[in-house]
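Give me a 3D structure for the following:
(one chain, ligands or ions: 1)
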Amino acid sequence: MLKALVWDGSALELLDQTRLPLEKEYVTCRSYRDVGDAIRTMKVRGAPAIGISAAYGMVLASREFHAGERAVYIERLREAARDLTAARPTAVNLAWAVGKMLDVALGCPDWCRIPEVMEAAARETEEEDVEANRQIGRNGASLLGDPVTVLTHCNAGALATAGYGTALGIVRAAVEQGKRVHVFADETRPYLQGARLTAFELVEDGIPVTLITDNVAGYVMSLGKVDCVIVGADRIAANGDVANKIGTYSVAVLAKENGIPFYVAAPVSTLDLACATGRDIPIEERDPREVVEILGHRVAPQHVAVFNPAFDVTPARYVTAIITERGVARPPYRESLKEMAEVEHSK
Ligand code: MRU
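Have a look, this model is predicted:
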């Protein structure tokens, strides 16, 4: 599977996800501003992937500004951190990773070594993400039958992470265990992460996948063709409300109506216990052109009003379980998520 991001020691190579699946091209980010632009324009996307990219963005900033007084240097790192964090507001992994890198810089007693220790921390964050996804995969695969048909929305796969994926990590783990898995991938308008990215990943891996338009999700559920839904998350509030790609809420309601389990797969870095409920989660609105244009061709009348939120919030009552690298959280989420966040990371 192609990697979404590759750190070569001096620059960050990002697989340009705006061009997939037709072109497989990497763009080179040599400054933290390049990384911020790539996140804003969704060349890299997916909560964990933008967090790790921003961590490397902080490494680039630490090298760029490494001169002058410590206080000035730290102020410039703070500016870079603010800029990177503002690139996309909903996924908490971004602020989490940038905050972690800033803490590493502030905690480093030897000024000369700050870029070096930040690079080591970014590499570690990347490695830990893949390991977390593999564990999410194992934890989630044990919940699946054999054979099993999974419906997913958006892309919570290798391309959205440092590798392996969260929702698709569970699919991969189940396949590795010998289970017969079939996936329905919602196309996920308007950015088409399902059609362009999830379908691409699964076809590349030889995992059976059927692409459906978003409108078909309820119908395949009503036909009894779906055993469970598994999606990723951009931010999970303390009460278990889940922000994820726009359309996730509709899928969750349909799953409940049809008696189908609705699972959310995410690393602990996606939990934001400072948000009491989903109402506290900022929801990004994106350019109307994503809705009125398809591949650069206008498909709606000029001057029509457009509302283009990139995410929605699924209330906790629709969520059967939240699968993390530390285990499977069940309702009531206020308790189970708090416990999960507090567990010492022993793996
Ligand atoms: O706008 P995107 O493509 O960044 O949205 C991605 C999602 O909503 C994913 O489901 C989420 O980030 C989890 S990725 C493991």
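
The ligand contacts on the stretch 1-150 of the chain?
Where the stretch 1-150 of the chain comes near the ligand, counting by Cβ under 6 Å from any ligand atom, the residues are 45, 46, 47, 48, 91. C-beta: built from backbone N, CA, C; applies to glycine.

Out of these, give me the two with the largest separation.
Taking Cβ to Cβ, the two most distant members of those are 45 and 48; they sit 10.5 Å apart.

list the residues that contact both of these two?
Shared contacts of residue 45 and residue 48, defined by Cβ atoms under 8 Å, 6 or more residues apart in numbering, comprise residue 160.

Mind checking which of those two has more residues around it?
Between residue 45 and residue 48, residue 48 has the larger neighbour count (other Cβ atoms under 10 Å), namely 32 against 25.

Would you pull up the residue in this structure closest to the ligand?
Nearest residue of the chain to the ligand, counting by Cβ to the nearest ligand atom: residue 232, 2.8 Å away.

Looks like that residue contacts residue 243 (just checking).
No - at 10.5 Å, residue 232 does not count as touching residue 243 under the criterion of Cβ atoms under 8 Å.

all helices of the chain, in order?
Taking DSSP state H as the test, the helices found in the chain are 32-40, 47-64, 70-85, 92-106, 114-141, 167-176, 193, 199-205, 217-222, 248-257, 289-292, 333-342.

To residue 311, which of those lies closest?
Ranking the helices of the chain by proximity to residue 311 (Cβ to Cβ) places helix 248-257 first, at 7.9 Å.

And the contacts of the closest one?
Contacts with helix 248-257, where a contact means Cβ under 8 Å, 6+ apart, come from 151, 153-154, 186, 214, 217-218, 221, 226, 229, 231, 242, 261-262, 311-315, 318-319.

how is this protein carved up into domains?
5-132, 140-345 (automatic domain parsing).

Can you pull out the low-pLDDT segments for this protein?
Flagging of the chain using pLDDT under 70 yields the residue ranges 344-347.

For residue 293, see how far away residue 302 is.
According to Cβ to Cβ, to the nearest Å, residue 302 and residue 293 sit 12 Å apart.

Which one's more surrounded, the two?
residue 293 (14 against 6).

Residues in a beta bridge with the more buried one, which ones?
Counting by DSSP bridges, residue 293 is bridged to residue 298.

All further residue positions should be reported with the first residue as 35.
Happy to do that; since the first residue is 35 now, the last one works out to residue 327.

Quick check, it in contact with residue 333.
Yes - look at residue 327 against residue 333 with Cβ under 8 Å: they come within range, at 6.7 Å.

What are the phi and psi values at residue 344?
Main-chain torsions, residue 344, degrees, to the nearest 10: phi -80, psi -20.

show me the contacts for the closest residue to it other than its chain neighbours.
Distances taken as Cβ to Cβ, 6 or more residues apart in numbering put residue 318 closest to residue 344, at 4.4 Å, once the chain neighbours are dropped. Contact analysis of residue 318 by Cβ under 8 Å, 6+ apart lists 122, 123, 124, 343, 344, 345.

give me that answer again for 7 Å
Applying Cβ atoms under 7 Å, 6 or more residues apart in numbering, one finds that residue 318 lies in contact with 122, 123, 124, 344, 345.

can you check residue 88 too?
Neighbours of residue 88 in contact, by Cβ under 7 Å, 6+ apart: 69, 73, 118, 128, 131, 132.

now do residue 65
By Cβ under 7 Å, 6+ apart, the residues touching residue 65 are 94, 98.

how close does it sit to residue 53?
For residue 65, the distance to residue 53 (Cβ to Cβ) stands at 22 Å.

Over to residue 185?
Taken as Cβ to Cβ, the span from residue 185 to residue 53 is 26 Å.

and the two? which has more neighbours close in?
Neighbours were counted for residue 185 and for residue 53 using other Cβ under 10 Å; residue 185 has more, 27 against 13.

which residues does the more buried one contact?
Neighbouring residues of residue 185 by Cβ under 7 Å, 6+ apart: 218, 251, 254, 260, 263.

Equivalent analysis for residue 303, please.
So residue 303 contacts 85, 127, 130 (Cβ under 7 Å, 6+ apart).

Please convert the residues you listed to a markdown table, extending it with neighbour count.
Listed next are those as a markdown table, based on neighbours: other Cβ atoms under 10 Å:
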| residue | neighbour count |
| --- | --- |
| 85 | 28 |
| 127 | 29 |
| 130 | 24 |
